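> Predicted model and sequence below, questions to follow.
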Amino acid sequence: MAQEDIFKKIIAHCKEYGFIFQSSEIYDGLSAVYDYGQNGTELKNNIKQYWWDAMTKINENIVGLDAAIFMHPKTWEASGHVSAFNDPLIDNKDSKKRYRADVLIEEYLEKLEAKIQKEVDKASQHFGKNFDEQKFRTTNQRVIANQSKVDEIKARFIQALEKNNLPELKKIIEDAEIVCPVSGSKNWTDVRQFNLMFSTQLGSVTEETNTIYLRPETAQGIFVNYLNVQKTGRMKLPFGIAQIGKAFRNEIVARQFIFRMREFEQMEMQYFIKPGTEMEWYNYWKEKRMKWHKALGMGDEKYRFHDHDKLAHYANAAADIEFQFPIGFREVEGIHSRTDFDLGNHEKYSGKKIQYFDTEENRNFVPYVVETSIGLDRMFLSVVSNAYTEETVESTGEQRIVMRIPEVLAPTKLAVFPLTKKDGMPEKARKIIDELKFDFNCQYEEKDTIGRRYRRQDAIGTPFCITVDHQTLKDDTVTIRHRDTMEQERIPANEVGKIITEKVSMKNLLKSL
Ligand code: GAP
């Protein structure tokens with residue numbers, strides 16, 4: 001099945017099983033804004049807990065913060081967002097559709113690269129073991145022609161972005177003969193900059209001075225509180241401040257479900273360090289964060305680093321952790337060495353001294369910062385898209401859809417079923433839940449056949465199902481059924497809690513980091 005079709009199925013599944021709904025759906029929805037349903041909320045909270053504990057619980061020098069979404073407007077002048085947080089836009093005059101010029105060019109390059117790869121794969125299949133890829137790439141005329149187009153456009157593209165050269169972006173689109181996907185025409189407007197921040201008015205008077213912004217990143221709330229936390233917590237460098245919260249961006253190319261949203265959630269940690277140690281800490285956090293992802297067991301091969309050639313206005317080194325989504329490898333987290341750009345600028349714009357006194361070196365300085373920034377919604381998407389599995393049950397030939405969500409993150413950990421609604425089985429099932437509901441989320445189900453109940457739990461990723469049957473009433477044992485293998489075993493009812501706790505333990509996961 002094509003990856004695009006799988007992606008559509010995942011989106012439909014998320015809606016059907018209460019993970020994600022379109023915002024204000026009864027009014028036909030709001031573009032690129034989503035609500036999390038009953039199962040989505042639990043999964044999201046579990047991801048948050050994993051991140052929060054991995055930052056603040058197991059590192060004694062990382063503390064938490066919950067800053068307001070609204071901030072003084074000068075914050076965004078100091079951070080560079082007012083002047084530099086822009087996307088280059090272009091309109092097609094025939095379809096009246098608006099695009100990001102850089103995305104149009106990137107997609108064009110991706111298509112050419114895919115063409116080259118297709119030729120290479122075809123030749124590799126044809127020649128088998130004797131295939132010399134390097135030789136093929138340097139001798140095949142079609143590959144050479146496409147590769148030289150890629151190299152030429154890429155070089156011009158990087159330069160145009162670096163120099164903020166908007167006419168050159170338009171020229172590249174024209175030279176590459178990129179057409180509008182809707183109208184098919186090359187009738188383009190000029191490229192112009194568009195600021196991604198949402199603005200609103202503070203108070204009742206609509207004057208220019210009252211314009212404030214919805215924060216486009218949570219990081220600035222941490223920077224403006226650096227002194228408060230450092231002083232009140234008597235923190236010594238290196239130390240970190242972690243925060244989870246909403247961010248807002250008026251994304252133009254808002255598509256691909258929750259991959260690119262206009263309202264989303266970030267989990268960011270700013271690590272304050274001595275100037276000159278930034279590369280050491282940058283590499284440290286790159287490895288640490290990759291380990292955090294891989295510890296979930298979704299497959300090491302699904303992750304890779306992408307080191308940035310073009311750096312954001314605040315960074316001197318940056319890398320993404322990319323995950324293999326059904327739409328390809330895409331960024332899920334960024335690690336940035338932000339130097340003293342933010343604290344230095346806040347010092348300048350606020351007129352307040354934002355410095356650290358180093359008692360060993362007996363001097364003041366503005367700390368440097370290494371940031372880890374992960375999108376909670378993208379992390380959520382990586383989990384659900386990796387979990388979604390369609391398979392045929394060998395013993396019955398039946399089709400089942402199972403969400404292989406890492407057990408520790410699953411929205412519901414345990415479902416308990418009475419085999420029938422009589423003979424005291426419902427009461428026994430309820431009793432098991434009453435004991436375990438303080439430790440983890442449980443569900444009680446008595447409708448339909450046991451097989452159907454299993455399917456419903458598979459669809460929301462519940463790792464364990466317990467059935468109370470006639471034998472339970474005789475010897476106090478139950479069957480436990482495992483989601484992924486569908487194996488069933490008989491165990492004493494009073495051991496259910498212990499067995500499941502061991503498998504879904506956040507503590508064990510955190511210890512593995
Ligand atoms: N403070 C640094 C910062 O905001 P970023 O690369 O712009 O850096 C960090 O964003 C992370 O936030 C990304 O890796 C991504 O996971 C998430 N993110 C960014 N824009 C997003 C959007 N429109 N929708 C969903 N997630 C987004």
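Thanks, I have it. Numbers count the residues shown, from 1 in each chain.

> So what does Val369 have for phi and psi?
With angles defined as degrees, to the nearest 10, Val369 sits at phi -130, psi 130.

> Just give the nearest non-adjacent residue to it, would you?
Closest residue in space to Val369, ignoring its immediate chain neighbours: Arg338 at 4.5 Å, by CB to CB, 6 or more residues apart in numbering. For the C-beta atoms, the positions are set from N, CA and C on the backbone; glycine is no exception.

> Please apply the same query to Pro73.
Pro73's closest residue in space is Ile212 (CB to CB, 6+ apart), at 5.3 Å.

> Now do the same contact list for the one you found.
Taking CB atoms under 8 Å, 6 or more residues apart in numbering, we find Ile212 in contact with Phe70, Met71, His72, Pro73, Ser199, Thr200, Gln201, Leu202.

> quick one: the first one from the ligand, how far?
So that's Phe70. Phe70 is 17 Å from the ligand, where distance means CB to the nearest ligand atom, to the nearest Å.

> In PDB, could you pull the C-alpha coordinates for the host helix or strand of Arg156?
According to DSSP states H and E, Arg156 maps onto helix 141-162. Presented in PDB, the C-alpha positions along helix 141-162 are these (Å, rounded to 0.1, in the frame of the first residue of the first chain):
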ATOM      1  CA  GLN A 141      23.300  10.300 -18.900                       C
ATOM      2  CA  ARG A 142      19.800  10.800 -17.300                       C
ATOM      3  CA  VAL A 143      21.200  10.600 -13.800                       C
ATOM      4  CA  ILE A 144      24.100  13.000 -14.600                       C
ATOM      5  CA  ALA A 145      21.600  15.500 -16.200                       C
ATOM      6  CA  ASN A 146      19.200  15.400 -13.200                       C
ATOM      7  CA  GLN A 147      22.100  15.500 -10.600                       C
ATOM      8  CA  SER A 148      23.600  18.600 -12.200                       C
ATOM      9  CA  LYS A 149      20.100  20.200 -12.100                       C
ATOM     10  CA  VAL A 150      19.800  19.400  -8.400                       C
ATOM     11  CA  ASP A 151      23.300  20.700  -7.700                       C
ATOM     12  CA  GLU A 152      22.800  23.900  -9.600                       C
ATOM     13  CA  ILE A 153      19.300  24.700  -8.100                       C
ATOM     14  CA  LYS A 154      20.400  23.700  -4.600                       C
ATOM     15  CA  ALA A 155      23.500  26.000  -4.700                       C
ATOM     16  CA  ARG A 156      21.300  29.000  -5.900                       C
ATOM     17  CA  PHE A 157      18.600  28.200  -3.400                       C
ATOM     18  CA  ILE A 158      20.900  28.100  -0.300                       C
ATOM     19  CA  GLN A 159      22.500  31.400  -1.400                       C
ATOM     20  CA  ALA A 160      19.100  33.000  -2.000                       C
ATOM     21  CA  LEU A 161      17.900  32.000   1.500                       C
ATOM     22  CA  GLU A 162      21.100  33.200   3.100                       C
END
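
> Next SSE downstream of it?
Sequence-wise, the next helix or strand downstream of helix 141-162 (DSSP H and E) is helix 166-175.

> Report all helices and strands that that next one contacts.
With contacts defined as 3 or more CB pairs under 8 Å, 6 or more residues apart in numbering; DSSP states H and E, the packing partners of helix 166-175 are strand 86-91, helix 101-127, helix 141-162.

> now the angle from the last one to helix 166-175?
What it means is helix 141-162. Between helix 141-162 and helix 166-175, the angle comes out at 160 degrees (axes from the mean of the first three to the mean of the last three CA atoms, to 10 degrees).

> so for helix 141-162, what's the average pLDDT?
For helix 141-162, the mean pLDDT works out to 93.

> Can you mark which positions in it are buried?
Of the residues in helix 141-162, Val143, Asn146, Gln147, Lys149, Val150, Ile153, Lys154, Arg156, Phe157, Ala160, Leu161 count as buried by neighbour count, 16 or more other CB atoms under 10 Å.

> try the longest one
Applying a neighbour-count criterion of 16+ other CB under 10 Å, the buried positions in helix 101-127 are Ala101, Asp102, Leu104, Ile105, Tyr108, Leu112, Ile116, Val120, Ala123.

> and which of these is nearest the ligand?
Asp102 (14.2 Å; CB to the nearest ligand atom).

> Which residues does the closest residue to the closest one other than its chain neighbours form beta bridges with?
Closest residue to Asp102 apart from its sequence neighbours, by CB to CB, 6+ apart: Pro88 at 5.8 Å. Here Pro88 sits in beta bridges with Gln193, going by DSSP bridges.

> And the pLDDT at Pro88?
Note for Pro88: predicted pLDDT of 93.

> just to revisit the earlier point, help me confirm that the residue nearest to Val369 comes into contact with Val370.
Yes. Between Arg338 and Val370 there is a contact at 7.2 Å, judged by CB atoms under 8 Å.

> Now list whatever residues contact both of these two.
Contact criterion CB under 8 Å, 6+ apart; residues shared by Arg338 and Val370: Gln270.

> of the two, who's got more company?
A direct count of neighbours by other CB atoms under 10 Å for Arg338 and Val370 places Val370 higher, at 28 against 23.

> Write out the residues of the stretch 401-513 of the chain neighbouring the ligand.
Nowhere does the stretch 401-513 of the chain come near the ligand, counting by CB under 6 Å from any ligand atom.

> In the stretch 401-513 of the chain, where is pLDDT below threshold?
Counting by pLDDT under 70, the stretch 401-513 of the chain contains no low-confidence residues.

> Count the residues that sit near whatever residue of it ends up closest to the ligand.
Here the stretch 401-513 of the chain gets closest to the ligand at one residue, Leu409, 17.1 Å apart by CB to the nearest ligand atom. Neighbour count for Leu409, taken as other CB under 10 Å: 25.

> I am assuming it contacts Tyr50, so please confirm or correct that.
Yes. Leu409 is within contact range of Tyr50, at 6.9 Å (criterion: CB under 8 Å).

> Mutual contacts of those two, please.
Contact criterion CB under 8 Å, 6+ apart; residues shared by Leu409 and Tyr50: Leu296.

> Can you name the residues of the stretch 201-350 of the chain that neighbour the ligand?
So the stretch 201-350 of the chain meets the ligand at 217, 219, 249, 251, 260-261, 264, 266, 268, 331-334 (CB under 6 Å from any ligand atom).

> From what I see, Ser373 and Gln220 are in contact.
No. In this structure Ser373 lies outside contact range of Gln220 using CB under 8 Å: 12.0 Å.

> Between these two, point out the one with more neighbours.
When Ser373 and Gln220 are compared on other CB under 10 Å, the one with more neighbours turns out to be Gln220, at 22 against 19.

> That one and Trp76, how far apart?
According to CB to CB, to the nearest Å, Gln220 stands 7 Å off from Trp76.

> just Asp340 next, same as before
18 Å.

> repeat for Ile500
Counting by CB to CB, the separation of Ile500 from Trp76 is 47 Å.
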